[in-house]
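> pasting a predicted model and its sequence here:
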Amino acid sequence: MKQFISALALALVATTARAQVGHLPENSPYRDLETSQELTFLGGHYRSGKDPIGIAPRDGPMYGLRYQIHVGGPAYLMARWSHVNTERFPIDPTKIGTAQQLGKQNVSVNLYDIDLSLNLTGQKSFHDIVPVVNFGAGVASCSCSVKSDPYTFGTPFAFSFGGGLRYVPGGRFQLTADWNDYLYQLKYPAAYYVTPTGGTAAVTGNQARSFWKNNRALTLGASLLFFR
């Protein structure tokens with residue numbers, strides 16, 4: 001996957017260079033990117049992946065910060081923090097019927113990741129637009145514990161990948177639109193598989209105790225560009 005993205009980026013950079021031949025500098029649709037670092041304030045929506053019994057954190061609004069530094073060619077190193085305000089519906093697996101449901105609980109999810117980001121037009125914009133892809137890894141965390149519910153979110157390892165567009169009109173500011181996927185494991189406690197007296201277990205059938213799920217995010221951002 002990494003080799004494919006790198007090859008794609010290099011091919012697009014070469015195409016960009018060839019496409020500039022025949023344009024006077026003042027008429028060229030390509031513009032050099034003159035800054036090496038950026039700080040982005042972002043906000044958007046987080047869409048939680050499938051959870052068979054519905055006890056994990058759900059969808060919600062998100063906001064965060066992203067810092068990028070140019071490391072060579074079309075590549076940037078990116079560090080990102082995102083915070084999601086969401087909710088979950090915990091259960092008490094020792095109870096039956098409506099007594100098992102503990103009601104809605106407001107919780108928050110934090111996502112931390114470090115990624116390699118590639119500008120698909122190299123160190124230039126095309127009509128002030130720069131398409132990008134990114135991939136990396138980090139961790140997720142959640143203040144999800146609820147009394148009587150043995151479920152804990154923990155700090156699972158999370159892969160991250162995605163892409164987006166940068167609008168760079170010149171000067172010290174830019175606007176961004178990004179789609180990202182955070183892939184991490186969800187784990188059900190053993191107590192969910194125990195059948196309470198007179199009832200049924202919270203988890204039935206052949207459902208695995210742990211499984212990976214995709215959690216997608218769509219964000220818009222405003223960036224401050226600095227250091228030429």
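In hand now; what should we look at?

> ok, what's across the strand from the spatially most central residue of the chain?
Centroid check for the chain by CA atoms, centre = their mean gives residue 180 as the closest residue, at 4.2 Å. Beta-bridge partners for residue 180, by DSSP bridges, are residue 162, residue 217.

> so it sits right up against residue 161, yeah?
Yes - using CB atoms under 8 Å, residue 180 makes contact with residue 161 at a distance of 7.2 Å. For every residue, glycine as well, the C-beta is placed using N, CA and C.

> identify the contacts common to these two.
residue 134 (CB atoms under 8 Å, 6 or more residues apart in numbering).

> so what does the closest residue to residue 212 other than its chain neighbours look like in phi/psi?
Spatially, and ignoring its direct neighbours in sequence, residue 212 is nearest to residue 185 (5.5 Å; CB to CB, 6 or more residues apart in numbering). The phi/psi pair for residue 185 (degrees, to the nearest 10) reads phi -90, psi 140.

> got it, and residue 113?
Per degrees, to the nearest 10, the backbone of residue 113 is at phi -150, psi 150.

> contacts only, for it.
With the criterion set at CB under 8 Å, 6+ apart, residue 113 makes contact with 79-80, 136-139, 158, 160, 182.

> and the next helix or strand past the helix or strand bottoming out on mean pLDDT in the chain?
Sorting the helices and strands of the chain by mean pLDDT, DSSP states H and E puts helix 2-19 at the bottom, at a mean of 49. As assigned by DSSP states H and E, the chain's next helix or strand after helix 2-19 is strand 30-32.

> for this structure, which spans come out with low pLDDT?
Low-confidence segments of the chain, defined by pLDDT under 70: 1-26.

> sorry, back to before: which of the contacts of residue 113 are buried?
80, 136-138, 158, 160, 182 (16 or more other CB atoms under 10 Å).

> could the residues you listed go into a markdown table alongside secondary structure and distance to residue 58?
Shown next, in a markdown table, are these (DSSP: H, G, I helix; E, B strand; the rest coil; distance: CB to CB, whole Å):
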| residue | secondary structure | distance to residue 58 |
| --- | --- | --- |
| 80 | strand | 22 |
| 136 | strand | 25 |
| 137 | strand | 24 |
| 138 | strand | 21 |
| 158 | strand | 17 |
| 160 | strand | 20 |
| 182 | strand | 14 |
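
> quick one, what contacts the residue sitting furthest away from the middle of the chain?
Relative to the centre of the chain, the most outlying C-alpha is that of residue 198, 42.4 Å out, by CA atoms, centre = their mean. When contacts are counted by CB under 8 Å, 6+ apart, residue 198 is found next to residue 96.

> where's it, which helix or strand?
Using DSSP H and E, no helix or strand contains residue 198.

> distance-wise, check it relative to residue 99.
Separation of residue 198 from residue 99 (CB to CB, to the nearest Å): 11 Å.

> swap in residue 133?
Residue 133 is 49 Å from residue 99, by CB to CB.

> over to residue 59?
27 Å.

> what's the answer for residue 50, then?
26 Å.

> look up the residues forming beta bridges with the closest residue to residue 50 other than its chain neighbours.
In this structure, residue 50 finds its nearest non-sequential neighbour in residue 213, 6.0 Å apart by CB to CB, 6+ apart. Beta bridges link residue 213 to residue 184 when assigned by DSSP bridges.

> wait, residue 213 sits on residue 51?
Yes - with contact defined as CB under 8 Å, residue 213 reaches residue 51; the gap is 7.1 Å.

> which neighbours do those two share?
Joint contacts of residue 213 and residue 51 (CB under 8 Å, 6+ apart) are residue 186.

> sorry, back to before: show me which pair in the contacts of residue 113 is furthest apart.
Within those, 79 and 182 form the most distant pair, 14.9 Å apart (CB to CB).
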